[in-house]
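Q: Sequence and predicted structure are below.
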Amino acid sequence: MWNVSCFRWSERINCDRRVVRGDSWNVSAWADELDDLVRAMAGAYIFGIPLLFTMEMWWIGEYLATTEVPTLVGVALAVNFGLTWVGGFKSKSTFRTSLDETIDAVAIGLVAAVVMLVILNQIRPGDSIATSLGKVVIQAVPLSIGAAVTNQVFGIRTRDARKSNPPVDEGLSPFQAVLSDIGATATGGLFLGVSIAPTDEVPMIAAALDYWHLLAIVLFSVLLSYGIVFASGLNRQPSGGVFQRPFTETVLAYIVSLVVAFAALYLFDQISLDDPVRSIAEQVLVLGVPTSVGGAAGRLVI
């Protein structure tokens, strides 16, 4: 039996020393690390999703010179190191812990960019490595910043709250709780959706998607919404009732997000009721990605 230090994203140097038996890993440390990972991914998309839907970012990445790629990676590392170093003042972070967190944030930004660009069909099998790499790296900069900021702001606070008593929706009936979730989802979805709905990116993306991409978009939107609200450790607890369980609440919220997406597209004259059903459905599903992310963020606020 011996003591080991558990390493967590934003508490690597303040983590209590724990006792483990034999070669087994501390389960709590792994759970905290998983929470940090999901929370960072959620923050990356909340912060960076408007730029993921910006065609100028795709074009810049597509024509990015090979020599500029290391420069962008260096910028991402420098900015994130500054954020983690300043954010770690309260926990007295060392140079090494800040560097570790910086590398984690940039790595998550790169992964998040790859996943989203593949799902949106902006990275294709026939694309050159240089083109794909440029698109990924330029998107990874804002995504990594979102990941770093989220864990710096919410990491320690979330774990402290979870160790005590996590809040629940007290004083609300199940019906009121459902209405509150619907309102928060619609508000958050509109917050992100109206900034993307009037642009040409939505029909451009939708026109290039096949059924597999559409299916991937639906699954990704639902999983990301669930991850942001329930798996990221951002201190959200269901209050009970059939529509307040994680699965049913996530599905209901996604349906609301799609309705918000349809309303935003219709409001900005991007679709009409005379358009083919498939065209309408494709654009609604595409815009449903940012509206579901915004809706999940909105439910965290209530």
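A: Structure's in. What do you need?
Q: any low-confidence regions in the protein?
A: Within the chain, the segments meeting pLDDT under 70 span 1-32, 87-93, 154-172, 232-244, 302.
Q: all helices for the stretch 201-302 of the chain, in order.
A: Along the stretch 201-302 of the chain, the segments classed as helices by DSSP state H, counting those that start in this stretch run 201-207, 211-226, 246-267, 277-301.
Q: Tell me which of these is the most buried.
A: Most buried of the helices of the stretch 201-302 of the chain, by mean neighbour count (mean count of other C-beta atoms under 10 Å): helix 277-301, with a mean of 23. Heads up, the C-betas are built off the backbone N, CA and C, glycines and all.
Q: Can you check what angle separates that helix from helix 246-267?
A: 120 degrees (axes from the mean of the first three to the mean of the last three C-alpha atoms, to 10 degrees).
Q: Relative to the whole chain's centre, how far out is helix 277-301?
A: 13 Å (C-alpha atoms, centre = their mean, to the nearest Å).
Q: swap in stretch 98-106?
A: So, by C-alpha atoms, centre = their mean, the centroid of stretch 98-106 is 17 Å from its chain's centroid.
Q: What residues sit buried inside that stretch?
A: Buried residues in stretch 98-106, counted by 16 or more other C-beta atoms under 10 Å: 98, 99, 100, 101, 102, 104, 105, 106.
Q: Export those as CSV, with columns for distance to residue 57 and secondary structure.
A: CSV is the format used below for the buried residues of stretch 98-106 (distance: C-beta to C-beta, whole Å; DSSP: H, G, I helix; E, B strand; the rest coil):
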residue, distance to residue 57, secondary structure
98, 28, helix
99, 27, helix
100, 28, helix
101, 25, helix
102, 22, helix
104, 23, helix
105, 19, helix
106, 17, helix
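Q: Identify, from those residues, the entry nearest to residue 298.
A: Closest approach between those and residue 298, by C-beta to C-beta: residue 105, at 24.3 Å.
Q: dump the residue contacts of that closest one.
A: Counting by C-beta atoms under 8 Å, 6 or more residues apart in numbering, residue 105 touches 40, 80, 83, 84, 144, 145, 147, 148, 151.
Q: can you count the residues close to the fourth one?
A: By that I understand residue 84. 25 (other C-beta atoms under 10 Å).
Q: any idea how far residue 299 lies from residue 51?
A: Using C-beta to C-beta, to the nearest Å, we find residue 299 at a distance of 23 Å from residue 51.
Q: Residue 145 too?
A: Taken as C-beta to C-beta, the span from residue 145 to residue 51 is 11 Å.
Q: more crowded one of these two?
A: Remark: of residue 145 and residue 51, residue 145 carries more neighbours, 21 against 17, as counted by other C-beta under 10 Å.
Q: Got the domain ranges for the protein?
A: 27-163, 174-301 (automatic domain parsing).
Q: Mind giving me the packing neighbours of the helix of greatest length in the chain?
A: Longest helix in the chain, counting residues (DSSP state H): helix 129-163. Counting contacts by 3 or more C-beta pairs under 8 Å, 6 or more residues apart in numbering; DSSP states H and E, helix 129-163 is packed against helix 27-52, helix 55-62, helix 68-87, helix 95-119.
Q: Could you work out which of the ones you listed reaches nearest to residue 265?
A: Once these are compared by C-beta to C-beta, helix 27-52 is nearest, at 16.2 Å.
Q: buried sites along the closest one?
A: 29, 32, 35-52.
Q: okay, which residue is most central for the protein?
A: The residue lying closest to the centre of the chain (C-alpha atoms, centre = their mean) is residue 42, at 2.6 Å.
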